[in-house]
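Novice: the sequence and its predicted three-dimensional model are supplied below.
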Amino acid sequence: MNRPREKLPLPLLAVPGCFALLVAGLLLIFWYRIEYFEVCPQCARMRDVQEWLVPFTRSSYYTHHEVGDSALTTLLDEWRYVDEHEHQWLLVRGVGPGSHELTGEGVRVAPALITPSVAPFVSLLHQHTDAETEAYWFARMTHPHHADFVRNVADRCAREQFADAAAFRDRLRQIADDERRLLIERLGRVHEPETRTPPRLLYQRPPR
Ligand SMILES: [Zn+2]
């Protein structure tokens, strides 16, 4: 004789259901999160951002920001080379939702603002050249066509020693000529940025 199949009580059936819902909810919450960092092209400050998004949307219900100074920011503040401004945050890189990689406009200028060789290079410029020369380099640091060029010059200067101001200026001229030739080979025509005196970082989008 068959025994009638025993039915599980409803509250017991609800436990795995609730657990599955909880896990799915947590997965959605963690999947719809984006993390990225941005740079301000006027003061070289950096900002880390975490945004928690409403699932399946781009609207965030919670955002966390953390702003930090770069080595360049410290120098610019010391020399009073930053005017009062509202930060112009440009997205550099990030990730999310999930493993989706993010890059933004800032990725093209970040090399000349936050690469470690840039602050020592700017210090040498400040120490051994004049405001006009500083303005020439500052205008290029925040220009998308020229930022890699500045970073390359800064990297090469960082590997050398200079006996005095004249030696630095001579070597800078040679390195800059080399790198500029490579830049023109790579890009064809380059848009020359507007320079600001007294020296200021100024973000300039090249014409399309
Ligand atoms: Zn700023």
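Specialist: Cool, the structure landed.

Novice: only C-alpha atoms from now on, for both contacts and neighbour counts.
Specialist: OK.

Novice: how near is the most centrally placed residue in the chain to the ion?
Specialist: Nearest to the mean C-alpha position of the chain, counting by C-alpha atoms, centre = their mean, stands residue 92 at 3.6 Å. Remark: distance between residue 92 and the ion (C-alpha to the ion, to the nearest Å) = 14 Å.

Novice: hmm, that residue is touching residue 113, no?
Specialist: No. Contact status for residue 92 versus residue 113: not in contact, 11.5 Å apart, counting by C-alpha atoms under 8 Å.

Novice: circling back: which is the next helix or strand following whatever helix or strand the residue nearest to the centre of the chain lives in?
Specialist: If you go by DSSP states H and E, residue 92 is part of strand 90-95. Moving toward the C-terminus from strand 90-95, the first helix or strand encountered (DSSP H and E) is strand 101-103.

Novice: what about the residue of the chain found nearest the ion, neighbour count?
Specialist: When scored by C-alpha to the ion, the chain has residue 87 as its residue closest to the ion, at 3.7 Å. Residue 87 has 14 neighbours, counted by other C-alpha atoms under 10 Å.

Novice: which one is it nearest to, not counting chain neighbours?
Specialist: Sequence neighbours aside, residue 40 is the residue nearest to residue 87 in space, at 5.7 Å (criterion: C-alpha to C-alpha, 6 or more residues apart in numbering).

Novice: please report phi then psi for the one you found.
Specialist: Dihedral pair for residue 40: phi -100, psi 120, per degrees, to the nearest 10.

Novice: where do the strands of this structure begin and end?
Specialist: Taking DSSP state E as the criterion, the chain contains strands spanning 33-39, 46-53, 60-68, 90-95, 101-103.

Novice: how about the residue nearest to residue 51 when sequence neighbours are not counted, what does it touch?
Specialist: Leaving out its chain neighbours, the residue that sits closest to residue 51 by C-alpha to C-alpha, 6+ apart is residue 63, at 4.5 Å. Residues near residue 63 by C-alpha atoms under 8 Å, 6 or more residues apart in numbering: 49-52.

Novice: quick one: which of those is nearest residue 182?
Specialist: residue 49 (35.4 Å; C-alpha to C-alpha).
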